[in-house]
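Colleague: I would like the atomic coordinates for the input below:
(one chain, ligands or ions: 2)
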Amino acid sequence: MACGGLLLQCAEAAKARHFKWEVSNMFWSPDGEEKVLIGINGQFPGPTIRAKAGDTIVVELKNALHTEGVVIHWHGIRQIGTPWADGTASISQCAINPEETFTYRFVVDKPGTYFYHGHYGMQRAAGLYGSLVVDVADGEDEPFEYDGELNLLLSDWYHESIYTQMVGLSSKPFRWIGEPQSLLINGRGQFNCSLAAAHTPGSNQCTTSGNRQCAPVVFPVLPNKTYRLRVASTTSLASLNLVVGNHKLTVVEADGNYVDPFVVDDIDIYSGDSYSVLLTTDQNPSSNYWVSVGVRGRQPKTAPALAVLNYRPNRASRLPALAPPATPAWNDYAHSKAFTYRILARAGTPPPPATSNRRIELLNTQNRMDGHIKWSINNVSMVLPATPYLGSLKMGLKSTLAAVRPADTFGRGYDVTRPPANPNTTVGDNVYVLEHNTTVDVVLQNANALANNVSEVHPWHLHGHDFWVLGYGDGAFPGDAGYAARLNLKNPPLRNTAVIFPYGWTAIRFVADNPGVWAFHCHIEPHLHMGMGVIFAEAVDRVGEVPKAAVSCGATATALMANDHV
Ligand code: C2O
Ligand code: CU
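Modeller: Residues are numbered from 1 along each chain as shown. Ligands and ions are numbered 1, 2, ... in the order given. Predicted coordinates for the structure are as follows:
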């Protein structure tokens, strides 16, 4: 083990890593078109955090946006014992005001591939994100070998500002944000041109000379080595597929958990997912190869993003001779399911408890509310409060929760194959109160949206936990009778994000052993904005003292002042 059995050595090995960040708006050209985005310390994407398991990360975050608050969420980090550092506005903390600084302090306890992003309004879609990579602790080994690493943070990019997008989403009539203008790899993409124009009829060759911000991404490698590609997606909307010309990929990690290795030609990556895949540079070394990222699950109107796998000593500027590899057809769900179902826990992963104490069944539908289009869960669309839940529940503020708790189930007769018979929805807080240390199953049921014959993919992400993905099914989930039989209790993967396929269901299990208030939501930014989420308030009485800076707004601020005068 890492610490040679001596606790003292362990304590010494773990480090605190300090970062001073300033979040601000800046001009940037991620795909050649200049826009305003949200960057950190003048960079886009934000700086990469690299740490070792057990380290404490300290980020002093100054909000240098002129007129709006900000928070940053550390996606995949469970925040054990530090729920106030989860970085969710209205849930775990008050948004940081302009010119103010908030210090995030948390332990990265598990090696893996993670990222961070804004979690207030749609700030993630404005470019507020970056990579977070946790290596094994000193003296520990990864359970696979490799010679080098390549990091790929994937995103999608819109030319409209997030303000225009948000107004459209809440307007009557509704204005959808549409498909992204480009896909980005490490913050760089190509709009209205292609790096492989010779193979792409009707497109112009990109000329990026003079614009380093969108210069093609080049991954230098040596022949006959094995590389670990760390791939994460923080897209606003797009589901992605990644393929590397001529090369096989071996999947070894998903969302910071090791998986039973398997070999594929391409991988699907939904927003909120992260993977490590091993790639061996065993192809003709006189050529370079394309890395191609394309859209899945929606009819693409966005060109694939390309990067160059540069076999040294070939010149990086020598574009691959072959056409970029095609990603699978956008609607080849059989391909997607085959990939997803192959993800299983690596031997040694803790197994799930054999039974659960509670099952929460969440029907995902698109609805109408007073002429607005919403996503709703068991027919309630989530709205967030002015005062964040963590502080207000911890301080026992009475008015925090709605009088009626959201339902643990939906009507068994619901026809998932048709638009909702009752399209009208309401808004609510969707707060589920979980008892400490109970085992909770959640069944996510997909259904038809408002339009006929439309059911979309939704990647659901849980804060504060990893969960076991126990099973998937097509159609309506079988209810009590057939449920248990459909679950994999033997080697289900541990993850923090799980997808529901069109018209299907997905079952997950987790143990409510991390006191805090945790969001559980579709990771598609406009869907969350339209209410597609719930909140788990978990054993809040056991949460330690919440730092004042996290409760310095709304009713918790008022309560703090009143207490000071007692
Ligand atoms: Cu990466 Cu609540 O999200
Ligand atoms: Cu969604």
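Colleague: ok, and the closest non-adjacent residue to the residue of the stretch 351-500 of the chain found nearest ligand 2?
Modeller: Proximity of the stretch 351-500 of the chain to ligand 2 (Cβ to the ion) peaks at H458, 3.4 Å away. (Glycine included, C-beta is placed from N, CA and C.) In this structure, H458 finds its nearest non-sequential neighbour in C522, 4.4 Å apart by Cβ to Cβ, 6 or more residues apart in numbering.
Colleague: From ligand 1, how far out is P324?
Modeller: Per Cβ to the nearest ligand atom, to the nearest Å, P324 is found 29 Å from ligand 1.
Colleague: what do you get for F219?
Modeller: 25 Å.
Colleague: Spatially nearest residue to that residue, not counting backbone neighbours?
Modeller: The shortest distance from F219 to any non-neighbouring residue, by Cβ to Cβ, 6+ apart, is to L150 (4.7 Å).
Colleague: quick one: contacts of stretch 117-130?
Modeller: For stretch 117-130, the external contacting residues (Cβ atoms under 8 Å, 6 or more residues apart in numbering) are 23, 28, 30, 37-40, 44-49, 68-73, 75, 87-89, 95, 115-116, 153, 155, 158, 161-162, 165-166, 187, 234, 236, 519, 525-526, 529.
Colleague: First-to-last residue distance for it?
Modeller: For stretch 117-130, the first-to-last residue distance is 7 Å (Cα to Cα, to the nearest Å).
Colleague: low pLDDT regions in the stretch 201-350 of the chain?
Modeller: 208-210 (pLDDT under 70).
Colleague: need the strands for it, in chain order.
Modeller: Here the stretch 201-350 of the chain has its strands, by DSSP state E, counting those that start in this stretch, at 217-221, 226-233, 239-244, 249-254, 257-264, 266-269, 274-280, 289-296, 305-311.
Colleague: what comes up buried for the first one?
Modeller: For strand 217-221, the neighbour count (16 or more other Cβ atoms under 10 Å) marks 217, 219, 221 as buried.
Colleague: Could you tell me which residues of the stretch 1-150 of the chain lie near ligand 1?
Modeller: 73, 75, 117, 119 (Cβ under 6 Å from any ligand atom).
Colleague: Let's see which of those residues end up in strands.
Modeller: Applying DSSP state E to those, the entries found in strands are 73, 75, 117.
Colleague: Next, format these as TSV and append neighbour count, pLDDT and distance to V540.
Modeller: Shown next, in TSV, are these (neighbours: other Cβ atoms under 10 Å; pLDDT from 0 to 100; distance: Cβ to Cβ, whole Å):
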residue	neighbour count	pLDDT	distance to V540
H73	27	98	19
H75	26	98	22
H117	25	98	25
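Colleague: quick one: pLDDT of C10?
Modeller: For C10, the pLDDT comes out at 52.
Colleague: scratch that, S161 is what I was asking about
Modeller: Listed pLDDT for S161 reads 98.
Colleague: Can you get me a residue count around it?
Modeller: Number of residues near S161 (other Cβ atoms under 10 Å) recorded here: 15.
Colleague: Verify the stated contact: it with L37.
Modeller: No: proximity of S161 to L37 does not meet the contact threshold set by Cβ atoms under 8 Å, at 9.1 Å.
Colleague: on that earlier part again, would you mind naming the helix or strand containing the residue nearest to F219?
Modeller: Secondary-structure element containing L150, defined by DSSP states H and E: strand 148-157.
Colleague: Determine the set of other helices and strands touching that strand.
Modeller: Strand 148-157 makes packing contacts with strand 129-135, strand 182-185, strand 217-221, strand 226-233, strand 239-244 when contacts are defined by 3 or more Cβ pairs under 8 Å, 6 or more residues apart in numbering; DSSP states H and E.
Colleague: Adding distance to T250, write these out as a markdown table.
Modeller: As requested, the helices and strands packed on strand 148-157 are arranged in a markdown table below (distance: least, Cβ to Cβ, whole Å):
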| stretch | distance to T250 |
| --- | --- |
| strand 129-135 | 19 |
| strand 182-185 | 20 |
| strand 217-221 | 16 |
| strand 226-233 | 9 |
| strand 239-244 | 12 |
